[in-house]
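1. next come a sequence and a model predicted from it.
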Amino acid sequence: MPNDASSLNPRLQILVQGKPLKAEIEADLISALVSEDLEAPSMFELQLVTWDIVKQQITWVDDNIFDIGNEVEIKMGYEKDIQTVILGEITGLEPEYTLDELPILVVRGHDFRHRLLRGRHTKSFLKVKDSEVVNQIARTNGLTAKITDSKVILDYILQHNQTDWEFLNERAKRIGYEITIDKKNLYFRPYQNTQDKLLTLTYPEKIQEFIPRLSTMNQVQKVEVRGWIPKDKKEVIGKASVGQEGGTMGGSTSGAKAVKKTFGESSQTIVIQPVLSKEEADSIALGQFQNMVLAYITGEGICQGNPELRAGKVIEISGVGKRFGGLYYLNSVEHFYIQNQGYKTSFTVRRNAT
């Protein structure tokens with residue numbers, strides 16, 4: 001977080017194919033938006049004037065600097081302290097021609113996870129772990145897999161008429177994992193809500209708006225996964241319950257524990273056909289339980305622009321009372337820079353306990 005003096009001088013740097021934008025392009029830049037998300041490929045949007053007033057002609061629309069597929073790195077921050085907030089590729093161009101207004105070029109792009117959205121596939125995987133499947137698909141798409149071993153070997157996995165993103169995201173959510181990216185490194189890992197806090201945002205000094213919501217409506221004390229093992233002709237049951245939240249983020253009472261104490265016994269049963277082992281059923285139950293508990297408290301906030309805020313990191317929010325103060329997991333982050341106006345960051349968060 002910048003100090004008071006440097007906060008008056010927000011900075012934006014854009015590199016295309018590893019090179020900074022030419023000064024004349026920078027002069028035409030209106031705004032830059034970077035939206036980072038754990039649930040979908042992150043995106044960026046650049047808006048710039050695309051008209052030469054002196055020559056009275058279109059400028060950047062046809063310039064090869066904005067060719068589809070060009071690699072774009074966007075850095076934001078203050079004075080000399082700037083950090084990369086996204087590295088991705090240009091995926092779309094949207095010029096806007098309106099009478100009585102200067103023409104605008106909107107340059108859109110996504111992080112490298114967008115490659116996983118190209119085409120639908122049907123294929124099968126035999127005797128593999130989910131983490132091994134991710135490794136295979138990452139390599140196919142020119143990405144380097146950084147994997148946390150999912151441990152359970154599965155007899156058969158089917159990707160049925162799905163994009164690679166739909167398929168991998170489904171496999172990840174099934175066991176309480178997430179798929180994130182840093183440059184060209186694709187991460188397949190459990191939620192990182194147990195990591196140390198990145199920084200503290202205190203209301204009202206460091207955070208301008210924070211709107212949290214606590215809800216017990218989606219909380220239960222126990223999750224069961226029931227399946228059928230065809231070769232053994234028997235039912236298999238996996239379970240996860242209070243005590244398996246994967247940490248309580250500095251709190252003492254998880255959502256699952258709160259509903260058990262206040263409203264009594266409750267459970268959720270998931271029927272998945274087929275589940276081929278007890279280990280697989282337990283893995284799914286644990287993943288679904290931890291994902292459910294992490295939605296106990298959700299919220300969104302706005303603060304002065306801060307490039308350190310990234311999806312998948314833990315922050316502390318203070319000055320909002322004991323119940324809602326504490327550690328939160330950043331689910332999405334949006335960095336917005338407007339030339340001559342400033343830099344803001346908004347975010348959404350989750351927490352599993354009070």
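-> Good, I have the coordinates.

2. mind listing the helices in the stretch 251-354 of the chain by residue range?
-> Secondary structure of the stretch 251-354 of the chain (DSSP state H, counting those that start in this stretch): helices located at 255-263, 278-293.

3. which parts of the stretch 51-200 of the chain are helices?
-> Using DSSP H, counting those that start in this stretch, the helices assigned to the stretch 51-200 of the chain run over residues 130-140, 164-174.

4. now do the contacts for Pro41.
-> Neighbouring residues of Pro41 by Cβ atoms under 8 Å, 6 or more residues apart in numbering: His110, Asp111, Arg113, His114, Leu116, Leu117, Trp165. For glycine as for every other residue, the C-beta is placed from the backbone atoms N, C-alpha and C.

5. grab the nearest non-local neighbour of it.
-> Arg113 (3.9 Å; Cβ to Cβ, 6 or more residues apart in numbering).

6. indicate which one of the helices of the stretch 251-354 of the chain is closest to Ala23.
-> Across these, Ala23 has its closest neighbour in helix 278-293 (47.7 Å, Cβ to Cβ).

7. re earlier: now, among the contacts of Pro41, which is nearest to Glu209?
-> For the contacts of Pro41, the nearest to Glu209 is Asp111 (26.4 Å; Cβ to Cβ).

8. tell me the pLDDT of that closest one.
-> Per-residue confidence (pLDDT) for Asp111: 97.

9. again with Asp130
-> pLDDT, read off for Asp130, is 97.

10. do you know how far the residue lying closest to it once chain neighbours are set aside is from Gly238?
-> Leaving aside its chain neighbours, Asp130 sits nearest to Ser150 (4.3 Å; criterion: Cβ to Cβ, 6+ apart). Note on Ser150: its distance to Gly238, by Cβ to Cβ, to the nearest Å, is 15 Å.

11. with Leu29 instead?
-> 53 Å.

12. kindly report the same for Tyr328.
-> The spacing between Tyr328 and Gly238, counted by Cβ to Cβ, is 29 Å.

13. higher neighbour count, these two?
-> Tyr328 (29 against 25; other Cβ atoms under 10 Å).

14. need the pLDDT of the residue nearest to that one when sequence neighbours are not counted.
-> Distances taken as Cβ to Cβ, 6+ apart put Val349 closest to Tyr328, at 3.7 Å, once the chain neighbours are dropped. In this model, Val349 is scored at 98, pLDDT.

15. same question for Ser266.
-> 94.

16. my guess is it meets Val220, correct?
-> Yes: Ser266 is within contact range of Val220, at 4.3 Å (criterion: Cβ atoms under 8 Å).

17. quick check: neighbours shared by the two?
-> With Cβ under 8 Å, 6+ apart as the test, Ser266 and Val220 both reach Val259.

18. hmm, back to that, the helices of the stretch 251-354 of the chain: which one's closest to His121?
-> That would be helix 278-293 among those, by Cβ to Cβ, at 22.8 Å.

19. check which residues of the closest one are buried.
-> Neighbour-count burial for helix 278-293 flags 280-293 (criterion: 16 or more other Cβ atoms under 10 Å).

20. contacts only, for Val242.
-> By Cβ under 8 Å, 6+ apart, the contact set of Val242 is Gln221, Lys222, Ser254, Ala256, Lys257, Lys260.
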